[in-house]
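**Q** Give me a 3D structure for the following:
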Amino acid sequence: MAKATTSIRRQLILMVATVLIVINAVALWSVHIYANRAAKESYDRLLYGSALQMAENINILDSQYFIDLPVSAFETLALSASDRAFYSIMNGQYQVLTGYKDLPNIPFTQLLQQSSEKEKFIPIYYEAMYRDEMVRFVALGKRLLEGDSVNDVFIIVGQTLDARRAAATEISQMALQFVTLFFFITLLLLLFVIWRVLQPLQTIKQAITERSSQELSPLDANVPSEIAPLLKSINYFMAQLDSTLNRLKRFTAEAAHQIRTPLAGLNSQAQNAIDETDEMLRQKQLQHILESSNLLTNTVNQLLSRATLTHRYQSHPFSPVSLDYVIKETCRDLVVWALEREVEIEYVGDIKATINGDEFALKQMLQNIIENAIKYSPKSGVVEVELMIVFEQSVPLIVLQIRDQGVGVSDQDKEHIFEYFYRSPDNFASGSGIGLSIAKDVAEHHDARFHLKDNQPTGLIVEVIFPQRKGLSYEG
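**A** Take a look at the predicted model:
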């Protein structure tokens, strides 16, 4: 029984949740950066606006500075009730004209560089610790003209960071609430989508579960194109199973019939031998019993061989097989049995050939064909076995020929000779009618084909033609 692994649904949910968490984390990080930048820009504009208002109200007359700080400048800074503001106005000699005298880290170098280059003053922003608080400052220069003289003044305005931090936090919290809501809504929608996507699999499972164990007809379900190959594979498997079961039923019925007949004959002959008083006739009956027993043994062995091969077809992958070696080994195994029948086996092949196949199955095929040729050869006959190369439309094919010198096979019987349990009405030799059928099954399993020809002057030539495909090679 197959062991269940982690479900696809769970994997999809985990992956979707992980992707959403990563996306939302990146979104929150981006919003946090944006919130801090937006708050900084907003309050920097307030600082700059306040500094500009102060600068507009600074004048010089007779080398005396007149500073009239507008109330609006301080009202602008007072928009943030939780923050404290600091300012300082200095002349070009860094003397404080008004405001705080101990403001830190004033960027005079940059301001003087702007003054020396006679450029328009650009606000300079910086942060520094002042009175145990982090303060954001803006430094701005203004050029005052009096006659031929040029005088610079510097306005420095600072503000603590509580308000801008609060604004950034508020934006981040709003984003967090939105992202959290978006996460759960999106997750619910994706869970629904996953359920809908996996529903066809549940439909297939339900259709199979509701079926009878005897029902092997193809499943008919409306499934997406991505799941259609799975349904096609299931239907293919069920068709193969149905075909296998049908062959098994047919073979079981035929085998039972073939075994039942010689068993009945054995029983009848044994009963007659028991009742027979003539010793000579009894010996003939016992001889018939022995022949029937040998035929039954051969039939059972052939049936077991076929069952073994059927199992190997499903469980044993192909591997490189030296075909010439297998043929020689099979001929050596049968030479004694052939000599007992006064028949010679002659291997006349002179090439070496390798194919991808099942060595055991190929040997069974060769054994059945050669045994059949020996069985129908006359005394002092020769069975020739040859492995050759034949070119068909410039394509090299490996061809195995088994030639006997028997009575041959009629054209009518050639059409049926490979059918299971087929026995020609003119065939009086003992046999089960299974051997050549097994040989044909083995050949088809290796994509080879059979060809029967008449031998001259008499006899039959059985050709097994192996196709050109990957793994096939030869020498000679």
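**Q** What confidence value was assigned to the residue located most distally from the centre of the chain?
**A** Relative to the centre of the chain, and counting by Cα atoms, centre = their mean, the farthest-placed residue is residue 62 at 89.9 Å. Note for residue 62: predicted pLDDT of 79.
**Q** And for it, nearest residue in space, chain neighbours not counted?
**A** residue 146 (7.9 Å; Cβ to Cβ, 6 or more residues apart in numbering). Yep, even glycine has a C-beta here, placed from its N, CA and C like the rest.
**Q** Wait, the one you found touches residue 60, no?
**A** Yes: contact criterion Cβ atoms under 8 Å: residue 146 and residue 60 qualify, at 5.2 Å.
**Q** Show me what the helix or strand that contains residue 175 is packed against.
**A** Following DSSP states H and E, one finds residue 175 within helix 162-209. Counting contacts by 3 or more Cβ pairs under 8 Å, 6 or more residues apart in numbering; DSSP states H and E, helix 162-209 is packed against helix 8-56, helix 228-275.
**Q** Let me know which of the ones you listed is tucked in deepest.
**A** Among the helices and strands packed on helix 162-209, ranked by average contacts under mean count of other Cβ atoms under 10 Å, first place goes to helix 8-56 (a mean of 15).
**Q** In the helix or strand that that one is followed by, which residues are buried?
**A** Using DSSP H and E, the next helix or strand after helix 8-56 towards the C-terminus is strand 58-61. Under the neighbour-count criterion of 16 or more other Cβ atoms under 10 Å, strand 58-61 has 58, 60 buried.
**Q** same deal with stretch 454-472?
**A** 455, 459-466, 472.
**Q** quick one: average pLDDT of stretch 419-437?
**A** 59.
**Q** That should have said stretch 185-196, apologies.
**A** 87.
**Q** How far off centre is that stretch?
**A** 25 Å (Cα atoms, centre = their mean, to the nearest Å).
**Q** Stretch 363-378 too?
**A** For stretch 363-378, the distance to the chain centre is 46 Å (Cα atoms, centre = their mean).
**Q** next one: stretch 137-152
**A** The answer for stretch 137-152 is 75 Å, by Cα atoms, centre = their mean.
**Q** I would like the residues contacting that stretch, please.
**A** The contact list for stretch 137-152 (Cβ atoms under 8 Å, 6 or more residues apart in numbering) reads 44, 47-48, 51-52, 55, 58-63, 91-92, 103, 105-107, 110-111, 114-115, 121, 123-128, 153-158.
**Q** Tell me which stretches of the stretch 251-400 of the chain form strands.
**A** Counting by DSSP state E, counting those that start in this stretch, the stretch 251-400 of the chain has strands at residues 319-322, 343-347, 352-357, 381-392, 395-403.
**Q** Excluding its own residues, what touches the first one? List them.
**A** Which is strand 319-322. Against strand 319-322 from outside (Cβ under 8 Å, 6+ apart): 352-359, 362, 471.
**Q** which pair in those spans the largest distance?
**A** Within those, 352 and 358 form the most distant pair, 19.2 Å apart (Cβ to Cβ).
**Q** Any stretches of the stretch 151-300 of the chain with poor pLDDT?
**A** The stretch 151-300 of the chain contains residues with pLDDT under 70 at 213, 247, 250-251, 254-255, 257-258, 261, 298.
**Q** pLDDT value on the nearest residue to residue 57 once chain neighbours are set aside, please?
**A** Among residues not flanking residue 57 along the chain, residue 68 sits closest, at 4.6 Å (Cβ to Cβ, 6+ apart). Listed pLDDT for residue 68 reads 86.
**Q** Count the neighbours of residue 68 for me.
**A** Residue 68: 9 surrounding residues under other Cβ atoms under 10 Å.
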